[in-house]
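Colleague: Build me a model:
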Amino acid sequence: MSDEVGIEIARELGQGRHGTTDRPQSRWDEPVEILEVVVLAVVAISIAWSGYQAARWDGLQAELYGKASTTRIDADQLLTLGGQQRLLDVSTFNTWIQAKAEGRTELAALYVRRFSPEFRVAFDAWIQTHPFTNPSAPPGPSFMPEYVNPQIVRGSALNHQASRIFDEGTEARNHAGDYVRTTLVLATGSSCLRSRSVSKFRTSALGSSSWPEA
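Modeller: Below you'll find the predicted structure:
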């Protein structure tokens, strides 16, 4: 009989322990948990999308920077060649001036034939200004508006194009940085939500456990 009474007392004590530790479940607990799951899913998708966009813009940045560098090299080559051609034309023009001053007509005509086609157009226009008698005439054909060096023109255009492409690469880099920061913010928020869920789970598990006494 005493054994049965002891068993009954132990049962009552166990039920009392459950009553003091169990927290009554609120009617909002389940909707809140469902909402947390939905939010975590949305955040996970957003993190994946943001990471993809960051990688995409980062790749575009590298591509644009590489293209800008290549374009700049082509521009420098054209500008160098154009500068060399202009220097050759000016040098040839100077020797033509010397030959003309010395009265060496055939030699002067030879130098004229060695002008580049673009410089020859400017030279003919310069001659029409009567430079030897007109003090207002330009100093030489290279100062005439008719003189156009196609390599320098093309090189300058490529330089502007390279600058524009570089700016586009910088803009792509900024976009990539924005998506990286967004990914970090979302990942931090996701970690906080997960920590809260884990904490609630542990609290619930501890509250629902019972330990029989010997």
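
Colleague: Enumerate every residue touching Y111.
Modeller: Y111 makes contacts with 92-93, 95-96, 99, as judged by Cβ atoms under 8 Å, 6 or more residues apart in numbering. No exception for glycine: its C-beta is placed from N, CA and C like everyone else's.

Colleague: Among those residues, name the buried ones.
Modeller: 92-93, 96, 99 (16 or more other Cβ atoms under 10 Å).

Colleague: Report the residue spans of the protein with pLDDT below the cut-off.
Modeller: 1-33, 36-37, 189-214 (pLDDT under 70).

Colleague: Now render the buried ones among the contacts of Y111 as a markdown table, adding distance to D74 and secondary structure.
Modeller: Below are those laid out as a markdown table (distance: Cβ to Cβ, whole Å; DSSP: H, G, I helix; E, B strand; the rest coil):
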| residue | distance to D74 | secondary structure |
| --- | --- | --- |
| T92 | 27 | helix |
| F93 | 29 | helix |
| W96 | 33 | helix |
| A99 | 37 | helix |
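
Colleague: Throw the residues you listed into CSV and include distance to Q77, thanks.
Modeller: CSV is the format used below for these (distance: Cβ to Cβ, whole Å):
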residue, distance to Q77
T92, 23
F93, 25
W96, 29
A99, 33
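
Colleague: any chance of the contacts of Y111 in a markdown table, plus distance to W57?
Modeller: Formatted as a markdown table, these follow (distance: Cβ to Cβ, whole Å):
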| residue | distance to W57 |
| --- | --- |
| T92 | 52 |
| F93 | 52 |
| T95 | 57 |
| W96 | 57 |
| A99 | 62 |
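
Colleague: quick check, nearest of the residues you listed to F143?
Modeller: F93 (11.1 Å; Cβ to Cβ).

Colleague: Please tell me how far the closest one sits from Q151.
Modeller: 18 Å (Cβ to Cβ, to the nearest Å).

Colleague: Can you mark which positions in stretch 157-170 are buried?
Modeller: So, applying 16+ other Cβ under 10 Å, buried residues of stretch 157-170: 158-159, 161-162, 165-166, 168-169.

Colleague: Please list the members of those residues that lie in helices.
Modeller: Taking DSSP state H, the ones among those that sit in helices are 158-159, 161-162, 165-166, 168-169.

Colleague: for stretch 61-73, the distance to its chain's centre please.
Modeller: 11 Å (Cα atoms, centre = their mean, to the nearest Å).

Colleague: In that stretch, which residues are buried?
Modeller: Buried-residue list, stretch 61-73, by 16+ other Cβ under 10 Å: 61, 64-65, 67-68, 71-72.

Colleague: what residues does that stretch touch?
Modeller: 158-159, 161-163, 165-166, 168-170, 172-173, 176.

Colleague: Need phi/psi at the residue nearest to A125 when sequence neighbours are not counted.
Modeller: Nearest non-adjacent residue to A125, counting by Cβ to Cβ, 6 or more residues apart in numbering: E146, 4.4 Å away. For E146, the backbone dihedrals (degrees, to the nearest 10) come out as phi -70, psi -20.
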